[in-house]
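K.L.:
kindly return the folded structure for what I paste below:
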Amino acid sequence: MTSYEQDARTLEPPWPFTGREDELELVRRSSAAGRQGAVVTGPAGIGKTRLITEAVRGTDCARVTGTPETSALPFAAFAHLLPDRVSLPGVLRHLSGVRLLVVDDAHLLDEASAAVVHQLAVHGRTRLVVAAADQASVPGAIARLWTGELLTRLALEPLPYDETAALLAGARLEPLTVRRLHRVCQGDLRLLRDLLGALRESGPLTRIPDTGEWAWHGPLPLTATVRDRIAPLLDRRDPAERGTLERLAFAEPLPPHFDEGLDLAVLERLETEGLIHVDDRGRARLAHPLHGPALRASAGRLRARRLARTPDQCEPALKDEQGQLEELIEQLDVREAPAPVGEWLAAGGLPVPAGYAAVRARYSWLRGELREAAAWAREGLRAAPGDASCRTELARAAAERGEGAVVRGDGGLAHYGTVRLGEPAGAAAAVGRLDGVLARHARALARGDGPALDRAAGALAERGLLLFAAEAHAQAARAHRDPRAARTSRTRAVALARRCQGARTPALSALVLGELTARQRQIVTLAATGLSNRQIAERLTLSVRTVGNHLYSAYTRLGASDRAALPWLVEQPDRQSA
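P.N.:
Numbers count the residues shown, from 1 in each chain. From the prediction side, this is the model:
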C-alpha cells in the first residue's frame with residue numbers, strides 16, 4: 001500500500017485504475033482478434049481514454065487523436081502515420097497493416113479523418129477502439145459507427161460514489177470531504193483531479209486530530225476546469241437570469257412560494273434549459289451540484305456578503321430539512337435525498353446543530369454509510385461536545401465496523417436486532433412487533449426460506465437499507481439448499497457489503513470463510529493483507545500457479561471477483577452486545 005506524507009501541501013492523490021471491471025472486459029472482448037472493435041461514448045472527463053488505455057495495455061496498436069486546432073485540416077489526425085499528399089484510398093492502403101487502431105477524441109476529428117475511421121470499420125480488417133464525447137457536433141461518419149451498428153457501443157456512466165471513494169482512499173480524506181468532492185464532480189474524473197490538486201496547492205485541507213484524516217472546509221477553488229464547466233452560467237447575457245442563478249446559489253432550495261425579487265418567467269426559462277430543477281414539493285434548486293458552489297465562489301466578496309445567508313438565517317431551512325429526513329427515517333425509506341443546507345454548514349466549517357447532526361448520522365447509518373455516519377456525529381459533537389444523541393450515533397457506527405460494543409436499536413428497530421443476528425426463534429417472536437419490509441425479513445428468517453430472504457433483501461436495498469440487505473442476502477446464502485442459489489446470494493451480499501464502508505456485523509462475519517479449506521483460508525488471509533501471489537507462494541513454499549488456483553477457487557466460494565473484497569471478509573472480530 002502506498003503511503004503519503006501527512007502534510008496537506010505535499011499530499012499526492014493516487015490515481016489507480018479503479019472499478020469498471022465489466023466495462024474493461026467488454027472493451028477487451030470487442031477489440032480481441034476476430035472482433036471489429038468498440039466505441040466508448042460519454043461526457044468529457046468521465047474516463048473514456050483511461051478505460052481504453054487499460055483495455056489495450058500490452059497490445060501492439062496505432063493511435064490517433066482529434067484536436068480542436070486541426071479539425072479543419074484533412075487527414076490531420078493521421079498525419080504521423082501517412083506520407084504527404086495522400087487520398088482517401090491511399091490512406092486506407094497505408095493503414096492496411098494496422099491491426100488495432102485506437103482513436104481518441106473522435107468527436108474532434110476532421111471530416112476526412114472521420115471518413116477514414118468509418119471506412120476502416122466498414123472494411124473490417126482493422127480492429128478499432130474509439131472514444132467520443134456525447135455531443136451534437138460528432139461528425140456523421142463517427143456517429144454512424146454505432147448508429148450503423150458497425151462497432152459495439154459502450155455508453156460509459158459516471159464513476160459511482162463507491163468507486164470514487166476507492167480512488168481517493170490513499171489521500172486519507174474524511175468521509176464528508178469525499179462525499180462533497182463526488183457530489184460536485186458527478187463522476188468527472190478530470191474535474192476531480194483538478195480540484196484535488198488545487199486543494200493540495202492552496203492549502204484549505206485541515207487535519208482532523210481524532211482520525212488523522214484531511215477535511216476540506218471553505219469555498220470551491222475556481223480552477224480553469226471549473227470555469228469551463230460553468231461557462232454556460234457565467235456567460236448568460238440576460239442580467240435577470242444571471243442574478244436568479246446567483247440567488248439560487250446562495251439560498252437553494254427556494255421554497256414553493258418564491259421571494260418577490262424573483263421573476264417566475266425567468267425561472268421557467270432556466271428550468272426549460274435544464275439549469276434549475278423544481279422538485280415534487282415545488283422547491284427550486286440548481287440542476288448540477290457543481291453550479292451552486294462555483295457561482296458562490298465566483299461572486300466576489302461584496303456580492304457574496306449581500307446574498308449569503310448567515311447560519312441563523314439558515315435555521316428555518318435546516319429545521320425543514322431535518323424534518324424531512326426524520327420522516328424518511330420513520331418510513332424506513334432512506335434512498336438518496338438532497339439535503340444541501342446541512343452540507344453547506346459542514347463544508348464551510350460552521351457549527352452544525354447537534355440535533356440535526358444526529359439525524360444525519362442516523363440516516364447515513366441506515367444507508368450503510370458508516371464512515372459518514374461517524375463523521376456527522378463528530379460534526380454535532382464539535383458544536384455540542386456532551387450531546388448524548390451524537391455520542392450514541394458515533395458508538396453505533398463504530399460498532400457496525402467492529403470497533404466497539406453493539407448499540408441496541410431504538411424505536412421501530414428495537415426488535416430488529418435478533419433478525420440481524422440471524423436468530424430464527426427471535427425473528428419469529430419479533431414478527432408481530434415489526435412492520436413492512438422488516439417484518440418480511442423476520443418471517444423469511446424464521447422459516448429459513450432462502451428465496452424469501454433474497455426477496456426481502458431486494459426490498460431492503462430498494463429502500464436504501466443496504467447494510468440490512470447485505471445481511472439478508474448473507475442469511476439467504478446459508479439457508480439455500482441449492483449451491484448455485486447460495487453462491488448468487490453470497491455474491492450479492494459481498495457486493496452490498498463492499499458499499500457499506502467497512503461494515504463488520506455478525507451476519508457478515510459468518511458469511512463465507514467457514515466454507516473454505518484450511519489452505520484457502522490461509523492464502524485468502526495473506527492476500528487480504530496486500531501480498532502478491534508470488535509473495536504468498538514464497539512464504540508458503542508453493543508455486544505461484546497453485547496460489548492462483550486456490551485464490552480462484554476461494555473467490556468462487558466467497559462470491560468475490562478480486563482482492564478488493566477480501567479485507568472486510570477476513571479477520572472479523574468477535575462481537576459483544578452492550
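
K.L.:
tell me the secondary structure of Ala131, please.
P.N.:
strand (DSSP: H, G, I helix; E, B strand; the rest coil).

K.L.:
which residues are in contact with it?
P.N.:
Ala131 makes contacts with 39-41, 48-49, 52, 103-106, as judged by Cβ atoms under 8 Å, 6 or more residues apart in numbering. Just so you know, the C-beta spots here come from the backbone N, C-alpha and C atoms, and that holds for glycine as well.

K.L.:
just the buried ones from these, in ChimeraX syntax?
P.N.:
The ChimeraX selection below is limited to those of those classed as buried (16 or more other Cβ atoms under 10 Å):
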select :39,40,41,48,49,52,103,104,105,106
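
K.L.:
and which of the contacts of Ala131 is nearest to Val138?
P.N.:
Checking the contacts of Ala131 against Val138 by Cβ to Cβ gives Ala106 as the nearest, at 7.5 Å.

K.L.:
excluding residues flanking it in the chain, which one is nearest the closest one?
P.N.:
Among residues not flanking Ala106 along the chain, Ala132 sits closest, at 4.2 Å (Cβ to Cβ, 6 or more residues apart in numbering).

K.L.:
right, and that neighbour touches Ala44 too?
P.N.:
No - contact between Ala132 and Ala44 fails when scored by Cβ atoms under 8 Å: they sit 10.6 Å apart.

K.L.:
who has more neighbours, the two?
P.N.:
Ranked by neighbour count (other Cβ atoms under 10 Å), Ala132 and Ala44 place Ala132 first, with 26 against 16.

K.L.:
what pLDDT does that one get?
P.N.:
As predicted, Ala132 sits at a pLDDT of 94.

K.L.:
can you tell me who it pairs with across the strands?
P.N.:
Going by DSSP bridges, Ala132 is paired in beta bridges with Thr41.

K.L.:
residue contacts, it?
P.N.:
Ala132 sits next to 39-41, 48, 105-107, 138, 142 when contact means Cβ under 8 Å, 6+ apart.

K.L.:
go with 6 Å
P.N.:
By Cβ atoms under 6 Å, 6 or more residues apart in numbering, Ala132 lies in contact with 41, 106-107, 138, 142.

K.L.:
for those residues, which one is nearest Ala476?
P.N.:
Nearest member of the contacts of Ala132 to Ala476, counting by Cβ to Cβ, is Thr41, at 37.4 Å.

K.L.:
isn't Arg242 up against Arg236?
P.N.:
Yes - using Cβ atoms under 6 Å, Arg242 is in contact with Arg236, at 4.4 Å.

K.L.:
need the helices for the stretch 351-500 of the chain, in chain order.
P.N.:
Applying DSSP state H, counting those that start in this stretch to the stretch 351-500 of the chain gives helices spanning 354-366, 370-383, 388-400, 417-420, 424-430, 436-447, 450-462, 466-479, 483-497.

K.L.:
for the longest one, name the packing helices and strands.
P.N.:
So the one you mean is helix 483-497. Applying 3 or more Cβ pairs under 6 Å, 6 or more residues apart in numbering; DSSP states H and E, we find helix 483-497 packed against helix 466-479.

K.L.:
list the contacts of the helix it packs on.
P.N.:
Taking contacts as Cβ under 6 Å, 6+ apart, the residues outside helix 466-479 that touch it are 368, 420, 422, 441, 445, 448, 450, 453-454, 456-457, 460-461, 486, 489-490, 492-493, 496-497, 499-500, 503, 507-508, 511.

K.L.:
what angle separates it from helix 370-383?
P.N.:
Put simply, helix 466-479 runs at 150 degrees to helix 370-383, going by axes from the mean of the first three to the mean of the last three Cα atoms, to 10 degrees.
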